[in-house]
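Novice: Predicted model and sequence below, questions to follow.
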There are 2 protein chains.
Amino acid sequence: MKHLVAIDWGSSSLRGARLDAMGSVIEERSFARGVLRVEPGRFDKVFDEHFGDWMQGPDVLCLVSGMAGSKQGWIETPYCPCPARFEDLRSHLTWVEGRPIAILPGMTCKHAGIPDVMRGEETQVFGALHLIGRQDGLLVLPGTHSKWVLVRSGRIQSFATVMTGEFYALLRHQSILARSMPADDGEFDGPAFDQGVSVALSSRSLMQTAFSVRSLSLFDRVRQAALPSYLSGLVIGDELRSQMTHGLDGGGQVVVIGSDALTLRYERALSQQGVTVQQVGAQACWRGLWTLAQALQGEVAA
Amino acid sequence: MKHLVAIDWGSSSLRGARLDAMGSVIEERSFARGVLRVEPGRFDKVFDEHFGDWMQGPDVLCLVSGMAGSKQGWIETPYCPCPARFEDLRSHLTWVEGRPIAILPGMTCKHAGIPDVMRGEETQVFGALHLIGRQDGLLVLPGTHSKWVLVRSGRIQSFATVMTGEFYALLRHQSILARSMPADDGEFDGPAFDQGVSVALSSRSLMQTAFSVRSLSLFDRVRQAALPSYLSGLVIGDELRSQMTHGLDGGGQVVVIGSDALTLRYERALSQQGVTVQQVGAQACWRGLWTLAQALQGEVAA
């Protein structure tokens, strides 16, 4: 088995890991050189600057997931439609000419005729399922644009993007609500967060519940320092409400792929619905790329 | 009957009208001197600068609605709780010391224990109902913070604030979606707007549907120049979806108080639900204050 150089090239950051034949991480690197910070035509150069030393020798394969395959990225790699197994992505790879470097496609699906897209999250999803030994599940990748991904029999059936993190940032800092809140987020306030989740779950639109940040503050019903936590509960609660169509109303389990801090908030919010959480961390991406490399082994060795 | 000086002192603008004994507008003025642009303690002065000449003579009464009664306003005037008739506001007025000028309270109500507030819209609602000769109705005041107001037997029963205009502005100019859209809104695109409304009505959260601005643009499914209209449809559609609890699913009528351009969009969106619209314009506020002045007449004449 070749050594694998696994790359996660996102919008704002460029991360890489060198894995041994067993899939263990030998070394990791991370740079603030996301796709949006690389000039067109300079991707080869930027890659070599940061990972060139890892590509020495005949036994190296490199797989790149994330925004590197987007229009603004290294080489545009069209989306693979759902439903699809991870192995199906092999026929959608784009190889960098003359080099053992392949760029993964993103995936696309439709909700009532309207397309949705992701790039990179599919790799984390398959990696996470591999790590926990499952073929089925509802997986959540919380963040600026959260992804909810439904997997059945090893196939990504569908997914949805929810702009939770971005809505939080807009409301927190750019909206009229910012005037009611302190400049810094301060300490996380659990009860205020829970109240926000509860209000959102029993409502129908964040555009209505968001105004309660202002009205609760007018009546001093939530102390100012706790309002950012309350708002965080409102947006995460609204996200959960929108995804409860997956039959979670009566409990169940979701796999959350993300950092500890964010996962804890989702776990706390989901517990209000009787839903439990299994967490998988950042290693999901490396495991995903390693799994795909295994599947490619025969082809590439030729 | 005294002459009435009717003032609508909002956050960003200061508007006034002089009415004769029959409630007809003799003269109107408008200034960019909203409550947020007046220093504390300077409200008397600013008022006199702009309307002092209207206050000459013994037979003048002035009623002020809007943010003048807020904490940041002229004199804080506590909210009147729902349900309430317009006449009930009389006992909640704050008189400017030694002058025939009264500031109206705002109103407050609760949804599942969470307070909501408005200042000024109650005056427009009562004025609009008086103009069209009704005691009952669901009224909408579209805008930065839209208000949906339910009136039964002449009483405001409850209302809801929906931050539609503000969400539109944030998404249009501050979010990642701004990159997919042209700098200027350009001409209104009806079919794109209708599609946005339809997508929002069949969805559960704007945080999910908003991302479709990006994905539709990635696949060139909606032309770039039409995306602002599509986004406008998404937010107005989400607002309607959140207010369909008022039994509007099967049709009905709402009264829209607002400008022609905005009313046309709401009328277009509501027609997808079989709901018809009756429009009332800016004169609703003057009529509301004149009606209240009539009710006060006996008290003030003393």
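Specialist: Everything's here; your move.

Novice: CA only for contacts and neighbour counts going forward, please
Specialist: Noted.

Novice: Assess the claim that residue A:87 and residue A:290 are in contact.
Specialist: No. Using CA atoms under 8 Å, residue A:87 is not in contact with residue A:290; the gap is 11.9 Å.

Novice: Have a look at those two and say which one is more surrounded.
Specialist: Taking neighbours as other CA atoms under 10 Å in any protein chain shown, residue A:87 and residue A:290 compare with residue A:290 leading, 26 against 17.

Novice: check contacts around the more buried one.
Specialist: Counting by CA atoms under 8 Å, 6 or more residues apart in numbering or on different chains, residue A:290 touches A:4, A:6, A:19, A:23.

Novice: Could you look up the SS state of it?
Specialist: Assigned with DSSP: H, G, I helix; E, B strand; the rest coil, residue A:290 falls in the helix class.

Novice: Write out the residues of chain A neighbouring chain B.
Specialist: A:114-117, A:160-164, A:166-167, A:170, A:174-175, A:204-212, A:215-216, A:238-239, A:241-242 (CA under 8 Å from any CA of the partner chain).

Novice: Show the buried residues in these.
Specialist: The neighbour count (16 or more other CA atoms under 10 Å in any protein chain shown) marks A:115-117, A:160-164, A:166-167, A:170, A:204-212, A:215-216, A:238-239, A:241-242 as buried among the residues of chain A next to chain B.

Novice: Low-confidence ranges, chain A, go.
Specialist: Residue ranges of chain A with pLDDT under 70: A:1, A:247-251, A:298-302.

Novice: Go ahead and flag the most central residue of it.
Specialist: residue A:141 (4.1 Å; CA atoms, centre = their mean).

Novice: Does it touch residue A:121 like I think?
Specialist: Yes. Using CA under 8 Å, residue A:141 is in contact with residue A:121, at 7.5 Å.

Novice: Find the residues that touch each one of those two.
Specialist: residue A:147.

Novice: Any idea how many residues pack against the nearest residue to residue A:95 once chain neighbours are set aside?
Specialist: Counting by CA to CA, 6 or more residues apart in numbering or on different chains, residue A:95 lies nearest to residue A:102, which is 4.3 Å off, once chain neighbours are set aside. Counted with other CA under 10 Å, the neighbours of residue A:102 add up to 20.

Novice: Parallel or antiparallel, list what pairs with the host helix or strand of residue A:253.
Specialist: Using DSSP states H and E, the element containing residue A:253 is strand A:252-257. Within its sheet, strand A:252-257 is paired with strand A:137-141 (parallel), strand A:275-280 (parallel), according to DSSP bridges.

Novice: Can you tell me which of those strands is packed in deepest?
Specialist: strand A:137-141 (a mean of 22; mean count of other CA atoms under 10 Å in any protein chain shown).

Novice: I'd like to check what contacts that one. Which residues are they?
Specialist: The set of residues external to strand A:137-141 that reach it, using CA under 8 Å, 6+ apart, is A:121, A:125, A:146-152, A:253-258.

Novice: how about these, which pair is most distant?
Specialist: Largest separation among those by CA to CA: A:152 and A:258, giving 21.2 Å.

Novice: and the two? which has more neighbours close in?
Specialist: residue A:258 (20 against 16).

Novice: Chain neighbours aside, what residue packs nearest to the more buried one?
Specialist: Spatial nearest neighbour of residue A:258, excluding adjacent residues (CA to CA, 6+ apart): residue A:281 at 5.3 Å.

Novice: What count of nearby residues applies to the one you found?
Specialist: Using other CA under 10 Å, residue A:281 is surrounded by 14 other residues.

Novice: on that earlier part again, now the strands paired with strand A:252-257 in JSON lines, with distance to residue B:68?
Specialist: Below are these laid out as JSON lines (distance: least, CA to CA, whole Å):
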{"stretch": "strand A:137-141", "distance to residue B:68": "46"}
{"stretch": "strand A:275-280", "distance to residue B:68": "47"}
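
Novice: measure the residue nearest to residue A:100 when sequence neighbours are not counted to residue A:27 for me?
Specialist: Leaving aside its chain neighbours, residue A:100 sits nearest to residue A:61 (5.4 Å; criterion: CA to CA, 6+ apart). Between residue A:61 and residue A:27 the computed distance is 15 Å (CA to CA, to the nearest Å).

Novice: Surely the residue nearest to residue A:258 touches residue A:259?
Specialist: Yes. Counting by CA under 8 Å, residue A:281 does reach residue A:259; the two are 6.2 Å apart.

Novice: so who does the residue in the stretch 51-200 of chain A that chain B sits nearest to touch?
Specialist: Closest residue of the stretch 51-200 of chain A to chain B, CA to the nearest CA: residue A:162 (4.3 Å). Listed by CA under 8 Å, 6+ apart, the contact partners of residue A:162 are A:145, A:146, A:147, A:148, A:239, B:207, B:208, B:209, B:211.

Novice: Excluding covalently adjacent residues, which one is nearest to residue A:260?
Specialist: Distances taken as CA to CA, 6+ apart place residue A:281 nearest to residue A:260, at 7.9 Å, with adjacent residues excluded.

Novice: Phi first, then psi, for that neighbour.
Specialist: The phi/psi pair for residue A:281 (degrees, to the nearest 10) reads phi -90, psi -160.

Novice: And for residue A:188?
Specialist: Dihedral angles (degrees, to the nearest 10) for residue A:188: phi -60, psi 130.

Novice: Run a quick neighbour tally on the residue lying closest to residue A:155 once chain neighbours are set aside.
Specialist: The spatially closest residue to residue A:155, leaving aside those adjacent along the chain, is residue A:85, at 4.4 Å (CA to CA, 6+ apart). Neighbour count for residue A:85, taken as other CA under 10 Å: 17.

Novice: Just to check, residue A:85 is in contact with residue A:154?
Specialist: Yes. With contact defined as CA under 8 Å, residue A:85 and residue A:154 form a contacting pair (5.9 Å).

Novice: how's chain A carved up into domains?
Specialist: A:3-132+A:283-301, A:162-280 (automatic domain parsing).

Novice: Of all those domains, which one is nearest residue B:47?
Specialist: Comparing the domains of chain A by CA to CA, domain A:162-280 comes nearest, at 25.7 Å.

Novice: which one of the contacts of residue A:290 is nearest residue B:297?
Specialist: When the contacts of residue A:290 are compared for distance to residue B:297 (CA to CA), residue A:6 wins out at 80.3 Å.

Novice: how many neighbours does that closest one have?
Specialist: There are 26 residues near residue A:6, going by other CA under 10 Å.

Novice: Kindly report the same for residue A:132.
Specialist: So residue A:132, with other CA under 10 Å, has 13 neighbours.

Novice: got the phi/psi numbers for it?
Specialist: phi -100, psi 10.

Novice: Which stretches in the stretch 151-300 of chain A count as helices?
Specialist: Ranges of helices in the stretch 151-300 of chain A, per DSSP state H, counting those that start in this stretch, are A:164-173, A:190-201, A:206-209, A:212-218, A:227-243, A:260-271, A:283-301.

Novice: before we move on, back to that, give the contact list for the residue nearest to residue A:260.
Specialist: A:257, A:258, A:259, A:260.

Novice: Can I get the buried part of those residues as one ChimeraX selection?
Specialist: To isolate the buried members of these in ChimeraX, using 16+ other CA under 10 Å:
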select /A:257,258
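
Novice: Please dump the contacts of residue A:281 into CSV; it should also carry distance to residue A:43 for every row.
Specialist: As requested, those are arranged in CSV below (distance: CA to CA, whole Å):
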residue, distance to residue A:43
A:257, 28
A:258, 27
A:259, 28
A:260, 32
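
Novice: re the thing from before, in the contacts of strand A:137-141, which residue is surrounded by the most others?
Specialist: residue A:125 (30 neighbours).

Novice: thought it was touching residue A:284?
Specialist: Yes. In this structure, residue A:125 is within contact of residue A:284 by CA under 8 Å, at 7.1 Å.

Novice: who touches both of the two?
Specialist: In contact with both residue A:125 and residue A:284: residue A:257, using CA under 8 Å, 6+ apart.

Novice: roughly how far apart are residue A:56 and residue A:125?
Specialist: From residue A:56 over to residue A:125 (counting by CA to CA), the distance is 30 Å.
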